[in-house]
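1. take this sequence and fold it.
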Amino acid sequence: MDISEPLLSDYPKEQFSESESIPEWKDQITIRGLVVSAVLGSLFCIITHNLNLTVGVIPSLNIAAGLLGFFFVKTWNGFLSTLGLSTIPFTRQENTVIQTCVVACYGLAYSGGFGSSLIAMDERTYQLVGPDYPGNRAEDVKNPGLGWMICFMLIVSFIGLLSIVPLRKVMVMDYKLTYPSGTATAMLINSFHTTTGAELAGSQVRRLGKYLNISFCWSCFKWFFSGIGDSCGFDYFPIFGLTLFKNTFYFDFSPTYVGCGLICAHIVNFSVLLGAILSWGFLWPFISSHAGYWYPADLGRNDFKGLYGYKVFISISLILGDGVYNLVKIIMITVREMCGTHFIQNSLPVVAEVHDHENSQLQLEQKNRDEIFLKDKIPFWFAASGYVGLATISVATIPIIFPPLKWYLVLCSYILAPALAFCNSYGAGLTDMSLPSTYGKIGLFIMASCAGPNGGVIAGIASSAVMMSIVATAADLMQDFKTGYLTLSSAKSMIVGQLAGTAMGCIIAPLTFWLFWTAFDIGSPDGPYKAPFAVIYRELAILGIEGFSELPKHCLALCCGFFAAALLINLLRDVFPKKVSQYIPIPTAMAVPFFIGAYFAVDMFVGTVILYIWERLDKNDADDYATVVASGLICGDGIWTIPSAILSILRISPPICMSFGPSLSG
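-> Numbering: from 1, shown residues only. This is a model prediction of the structure:
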């Protein structure tokens, strides 16, 4: 799969000083950095739990972690300096490791299933589904406990780090996937530590700060109109009319997604929009017109026996088809290399580089990045043996915590997990969308079906927590590898930062959740912490017990068709010449709006249109500043998540609800 244009305008043109000393990987990890990471990790875990138990949607906090990490260490160094004490220099590499550690810590508050899988087993969720609901048994109840939750996190959380480490070079250097949040975080960290003598770098920093402030202020302004309830504020602006709005076609004025559109390749943005048009413009309205025939017409919006089931399983099929094709291709190329055959660059979905006489400095900087990124290698045997060892421990211990989840089902989960981890990391690199809950539903449905009526609910829900942890951790790690690549950080220091952050998260995430569990009435439909996904996960597990026969009519056939379509599209991209294949869409990018909605595809397309016009007016200026502007937009919106989350925790609601509806005649 070839992409004909640079995803990052040949990577951000940061001006690294030739005299800049790159610390050894051990020196990039400091005691103060770990202390700051623990403090920020605790804060972000609280924020994540609050959002997870209220709205169920978690924004990326990578950028905020990098910013606050810089602020804390600089403040601490300044305090020590006033006391006359010397401090070691604060480098961009240490800043990156702190960010990595914090993300690994708070990520477990979401991927651990505290707002979905783990409380889908509890007594309240059982009562909400209803004791008379077919397949909902009183025996399939396991209430949260601090002890078993910590043990469960320690067992499953580290294995995701090892599932995709061997592919770091392929994903970051060969595929050159953008990972927009990781790139924006790197740009922000680099701006804090840039050599002040570089004219272009200084101009880029000023431009970054300008658009960061614009984005932050705009996000703050939007908050005042977002009110209480559904469809309030600029996030639900029916710019194309109410009819298209009902099918999620609207511009939600999101700086983050517009920024993603500026960073991602045109073909990625086009693929996302095409997927939105195919799904929300044609497929879902067509299936909805058969309500009452293909599925019962009176089902809820999140019922897997209705339209929601089509959305989840068809999008998964398209992503899996793309991921499986590329994973098999990587394995074939790797085997061919090991057998002595020369590596064929065009056979991988790489970004074509544009080189001319003006890019010599850029090529030198990229060569420097490549050398540093590959300097501290992580042996394949270490990752493979570690994965096998941790999987063995999990196979032996998880059935003790969840008896219905038999050892052979756990083993099957770990056999399936690396392929799903690759798919999620690949999709996140293209679109900035990590979808661990979607992959968790795959594990839930399959394992519930295999376990059967006696214990299938607990087995399915527990397996979804295992799968979510693995695929989320893998995507976060690759996102952080991208940040580390752009900040000249060692791969070893990134791995150690991830391990340290994961160890913190295994303790901090359950402890902070336990505070919520003991202080509030979690899961109450009338309370502030409704845990909206708990009931969905339990109902999906009950559906899974009956197997694929319970899916709505033609759902399985459509899934098979879209899986085959993804394979065919990738084959066409490889068979056709580059001048043709560059216009063939990317299945994973197409699949994301199938499930999420068309609104973010509209935002990303706005970003790509801006970039296209900018390149036509002044290509050099676009090459120098497009990624910087995009990073500023993403950073400002990301930083706003902190005050907005604090306002939510303090139960301070926006004062105005701006909404739209049809005009009243007469």
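2. contacts only, for A451.
-> Contact analysis of A451 by CB atoms under 8 Å, 6 or more residues apart in numbering lists P404, L405, K406, L409, A459, G460, I545. Backbone N, C-alpha and C define where each C-beta goes, glycine included.
3. what of C412?
-> M447, C450.
4. residue numbering should commence at 25 henceforth.
-> Sure thing, new numbering starts at 25, so read that last one as C436.
5. mind checking which helix or strand it is in?
-> Element membership of C436 [criterion: DSSP states H and E] is helix 431-455.
6. how far does that helix sit from its chain's centre?
-> 14 Å (CA atoms, centre = their mean, to the nearest Å).
7. buried stuff in that helix?
-> Going by neighbour count (16 or more other CB atoms under 10 Å), the buried part of helix 431-455 is 433-434, 436-438, 440-455.
8. now do the phi/psi pair for the residue positioned nearest the centre of the chain.
-> Centroid check for the chain by CA atoms, centre = their mean gives S458 as the closest residue, at 2.4 Å. Dihedral angles of S458 (phi, psi; degrees, to the nearest 10) stand at phi -90, psi 130.
9. returning to what we had before: could I get the contacts of A475 in TSV, plus columns for distance to K516 and secondary structure?
-> Converted to TSV, the contacts of A475 look like this (distance: CB to CB, whole Å; DSSP: H, G, I helix; E, B strand; the rest coil):
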residue	distance to K516	secondary structure
P428	40	coil
L429	34	coil
K430	37	coil
L433	34	helix
A483	37	helix
G484	37	helix
I569	45	helix
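10. which of these has the most neighbours?
-> If you count neighbours using other CB atoms under 10 Å, the busiest of the contacts of A475 is G484, which has 33 neighbours.
11. quick one, strands of the stretch 125-274 of the chain?
-> Using DSSP state E, counting those that start in this stretch, no strands are assigned anywhere in the stretch 125-274 of the chain.
12. residues contacting the closest residue to H578 other than its chain neighbours?
-> Using CB to CB, 6 or more residues apart in numbering and skipping the chain neighbours, the partner closest in space to H578 is W318 (6.3 Å). The neighbours of W318, taking CB under 8 Å, 6+ apart as the test, are I311, P576, K577, H578.
13. show me the two of those residues that sit farthest apart.
-> Taking CB to CB, the two most distant members of these are I311 and K577; they sit 9.6 Å apart.
14. okay, these two: which has more neighbours?
-> A direct count of neighbours by other CB under 10 Å for I311 and K577 places I311 higher, at 22 against 13.
15. how much space separates the more buried one from Y317?
-> Between I311 and Y317 the distance is 10 Å, computed by CB to CB, to the nearest Å.
16. next helix or strand past the helix holding C436?
-> helix 460-475.
17. using PDB, list the CA coordinates for that next one.
-> Written as PDB, here are the backbone C-alpha positions of helix 460-475 (Å, rounded to 0.1, in the frame of the first residue of the first chain):
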ATOM      1  CA  PRO A 460      -9.900  -0.900  22.200                       C
ATOM      2  CA  SER A 461     -13.500  -1.300  23.200                       C
ATOM      3  CA  THR A 462     -14.400  -2.400  19.600                       C
ATOM      4  CA  TYR A 463     -11.800  -5.100  19.800                       C
ATOM      5  CA  GLY A 464     -12.800  -6.000  23.300                       C
ATOM      6  CA  LYS A 465     -16.300  -6.700  22.000                       C
ATOM      7  CA  ILE A 466     -14.800  -9.200  19.500                       C
ATOM      8  CA  GLY A 467     -13.200 -11.100  22.400                       C
ATOM      9  CA  LEU A 468     -16.400 -10.800  24.500                       C
ATOM     10  CA  PHE A 469     -18.700 -12.200  21.800                       C
ATOM     11  CA  ILE A 470     -16.400 -15.000  20.800                       C
ATOM     12  CA  MET A 471     -15.500 -16.200  24.300                       C
ATOM     13  CA  ALA A 472     -19.100 -15.900  25.500                       C
ATOM     14  CA  SER A 473     -20.200 -18.000  22.600                       C
ATOM     15  CA  CYS A 474     -17.500 -20.600  23.300                       C
ATOM     16  CA  ALA A 475     -18.200 -20.800  27.100                       C
END
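18. pull out the buried residues from it.
-> Buried residues in helix 460-475 (16+ other CB under 10 Å): 460-475.
19. check stretch 315-328 too.
-> Neighbour count says stretch 315-328 has W318, Y319, L323, N326, D327, F328 buried, by 16+ other CB under 10 Å.
20. show me which pair in those residues is furthest apart.
-> Every pair of the buried residues of stretch 315-328 checked by CB to CB; the farthest is W318 and N326, at 17.4 Å.
21. I'd like the contacts of W318 as JSON lines, with distance to F264 appended.
-> Below are those laid out as JSON lines (distance: CB to CB, whole Å):
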{"residue": "I311", "distance to F264": "22"}
{"residue": "P576", "distance to F264": "29"}
{"residue": "K577", "distance to F264": "31"}
{"residue": "H578", "distance to F264": "30"}
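22. backbone dihedrals for C681, both of them.
-> The phi/psi pair for C681 (degrees, to the nearest 10) reads phi -110, psi 110.
23. check A315 too.
-> phi -60, psi 140.
24. how close does it get to G330?
-> The gap separating A315 from G330 is 8 Å, by CB to CB.
25. low-scoring stretches of the stretch 425-574 of the chain, by residue?
-> 550-552 (pLDDT under 70).
26. Y411 and L185 touch, don't they?
-> No - Y411 lies out of contact with L185 (CB atoms under 8 Å); the separation is 9.2 Å.
27. quick check: neighbours shared by those two?
-> In contact with both Y411 and L185: no residue, using CB under 8 Å, 6+ apart.
28. who's in contact with F397?
-> Taking CB under 8 Å, 6+ apart as the definition, contacts of F397 comprise K193, V196, M197, G508, Y509, A515.
29. that one belongs to a helix?
-> Yes - assessed with DSSP: H, G, I helix; E, B strand; the rest coil, F397 lies in a helix.
30. and the pLDDT at it?
-> pLDDT recorded at F397 is 83.
31. same check on the one 10 residues further on?
-> The model reports A407 with a pLDDT of 82.
32. if we can go back for a sec, between the contacts of F397, which sits nearest T665?
-> Of these, the one sitting nearest to T665 (CB to CB) turns out to be G508, at 22.5 Å.
33. hmm, the closest one is touching V520, no?
-> No - at 11.5 Å, G508 does not count as touching V520 under the criterion of CB under 8 Å.
34. those two: who's more crowded?
-> Remark: of G508 and V520, G508 carries more neighbours, 31 against 18, as counted by other CB under 10 Å.
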